[in-house]
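> Mind folding the following:
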Amino acid sequence: PTSPIFINSSAPNFLFQLPDNSTTGMTAFAYAVGLRPQDLFGICLSLFLAILAATIVLSVLVWALDMFMSLFSSNPNAGAPPAAGLSGTRSPHFSSASKDMLDGVGPTSAVDENRSLNGHFLFARSMSRFPTGRSWWRLKSNFVSFHGSVLQGNLIRILMLFHLPITIFSCYQMSLGGGQASTSSIALAALSFAFFSVLIPALLVLRLTLTRTSKLYDETWTLLSLGPLYNHYRHGSQLFACTLFAINIAFGVTIGFGQKSGTAQAIVILVVEVAAALGTSVWLPWGQGASMGLISFLFCVGRIVIAVLLVILTPVVGFSRALRHT
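Next up, the predicted model:
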């Protein structure tokens, strides 16, 4: 006891002290990060909407700056033929040798590709601008289309990052009773789950399903707007993006609504991880030469091992927590 490094094991843990009424699961997590359990959803949704708003504002500023520079900058190459490297032709990899030509690539897709490569001054320096007589409404349409596609792609990236936490916290908010959370917050959580977790991902997957594969991978405007969902998958495997949303919804519902049984949560997570590993191994959505097979297998094995440890250790953690409270 007189040693300077003596540790009294009977002293209370003042460094990490949770309230006496806290339980295992989301409640302990909320108090650990300094929040009330009923505030988790509101803060998560506020951060998500704030990032969306900041992205939209920055995109509008970039669009305005781009529009201003294109309208009032000089164009010394006006009237010159377009550069050979920026013409509207497709790359050899996705031309007649590609199996996606079976999807019915016709004149319309060629026009779309020409529009993608030559419709914006960032891709073609020699485009005709406003000072040379081009119609202002056509220039405005091209700019709005380009920057709108970029904005949509950025919003999809943010949604993919926040999809799991929004699903978890909205489900947990809906599981709280009226005594812990207000009715308006529960209703907002239900709308958030329906809109951000289910409806928007379903619409995105539907767009992927209805859009031909050749346009998804060859048309620049489509790549800018929907590319974050599928651009790292090979042709024909773009619908593998739906597995991300499906796994997030399964995890979110399990973690949010299953707070009464940590063992049941761990078992469901293990089943989902095994199913996801089998689906990835069978589908193999990455293209040849990507060298993702071994990496994906190792990550799947690691996630399954963690899920098994969850099943094993969850009862021990719950018993230790209950023993500490008693």
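
> Now the biggest helix by length in the chain: buried residues?
In the chain, assigned by DSSP state H, the helix with the most residues is helix 136-175. By neighbour count on 16 or more other Cβ atoms under 10 Å, the buried set for helix 136-175 is 139, 142-143, 145-147, 149-156, 159-160, 162-175. Where C-beta positions appear, they are placed from N, C-alpha and C, glycine not excepted.

> quick one, what contacts residue 201?
Applying Cβ atoms under 8 Å, 6 or more residues apart in numbering to residue 201 gives the contacts 159, 163, 242, 245.

> what about residue 277, neighbour count?
17 (other Cβ atoms under 10 Å).

> Same question for residue 60.
Neighbours around residue 60, by other Cβ under 10 Å: 12.

> Output the contacting helices and strands for the helix or strand hosting it.
In the assignment (DSSP states H and E), residue 60 maps to helix 40-72. Applying 3 or more Cβ pairs under 8 Å, 6 or more residues apart in numbering; DSSP states H and E, one finds that helix 40-72 contacts helix 26-32, helix 136-175, helix 183-192.

> Could you give me the buried positions within the last one?
To tie it back to what came earlier, the one meant is helix 183-192. Residues 185-186, 188-189, 192 are the ones in helix 183-192 that count as buried (16+ other Cβ under 10 Å).

> a markdown table please, covering those residues and showing pLDDT and distance to residue 71.
Formatted as a markdown table, those follow (pLDDT from 0 to 100; distance: Cβ to Cβ, whole Å):
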| residue | pLDDT | distance to residue 71 |
| --- | --- | --- |
| 185 | 92 | 47 |
| 186 | 92 | 50 |
| 188 | 94 | 43 |
| 189 | 94 | 46 |
| 192 | 95 | 40 |
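
> what's the closest of those to residue 207?
residue 192 (21.4 Å; Cβ to Cβ).

> Verify the contact between that closest one and residue 44 for me.
No - using Cβ atoms under 8 Å, residue 192 is not in contact with residue 44, being 9.2 Å away.

> Give me the common contacts of the two.
Contacts common to residue 192 and residue 44, judged by Cβ under 8 Å, 6+ apart, are residue 166.

> Taking helix 136-175 as reference, get the angle to whichever strand or helix holds residue 225.
For residue 225, the host element (DSSP H and E) is helix 220-230. Using axes from the mean of the first three to the mean of the last three Cα atoms, to 10 degrees, the inter-axis angle of helix 220-230 relative to helix 136-175 is 20 degrees.

> Moving C-terminal from helix 220-230, which element do we reach first?
Per DSSP H and E, the first helix or strand lying C-terminal to helix 220-230 is helix 241-257.

> Which positions in that next one come out as buried?
Under the neighbour-count rule (16+ other Cβ under 10 Å), helix 241-257 has 241-242, 245-256 buried.

> Could you export the residues you listed as TSV, including distance to residue 295 and pLDDT?
What follows is these, written out as TSV (distance: Cβ to Cβ, whole Å; pLDDT from 0 to 100):
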residue	distance to residue 295	pLDDT
241	18	89
242	21	91
245	22	94
246	21	94
247	18	95
248	21	94
249	25	95
250	23	95
251	22	95
252	26	94
253	28	94
254	26	93
255	26	92
256	30	92
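
> Out of the residues you listed, which comes closest to residue 179?
Distances from residue 179 to the buried residues of helix 241-257, taken by Cβ to Cβ, are shortest for residue 256, at 18.2 Å.

> Okay, the closest one and residue 276: tell me how far apart.
Using Cβ to Cβ, to the nearest Å, residue 256 is found at 19 Å from residue 276.

> And for residue 252?
14 Å.

> cool, residue 212 as well?
Relative to residue 276, residue 212 is positioned 28 Å away (Cβ to Cβ).

> Looking at these two, which is more packed in?
The neighbour comparison of residue 212 against residue 276 (other Cβ under 10 Å) goes to residue 276, with 18 against 15.

> Output the below-cut-off pLDDT ranges for this protein.
By pLDDT under 70, the weakly predicted segments of the chain are 12-16, 74-144, 316-326.

> Repeat the analysis, applying 80 as the threshold.
In the prediction, the chain carries residues with pLDDT under 80 at positions 9, 11-24, 70-144, 177-179, 287-291, 293, 315-326.

> and the most centrally placed residue in it, what does it touch?
The centroid of the chain falls nearest to residue 160 when counting by Cα atoms, centre = their mean (1.1 Å). Listed by Cβ under 8 Å, 6+ apart, the contact set of residue 160 reads 228-229, 244.
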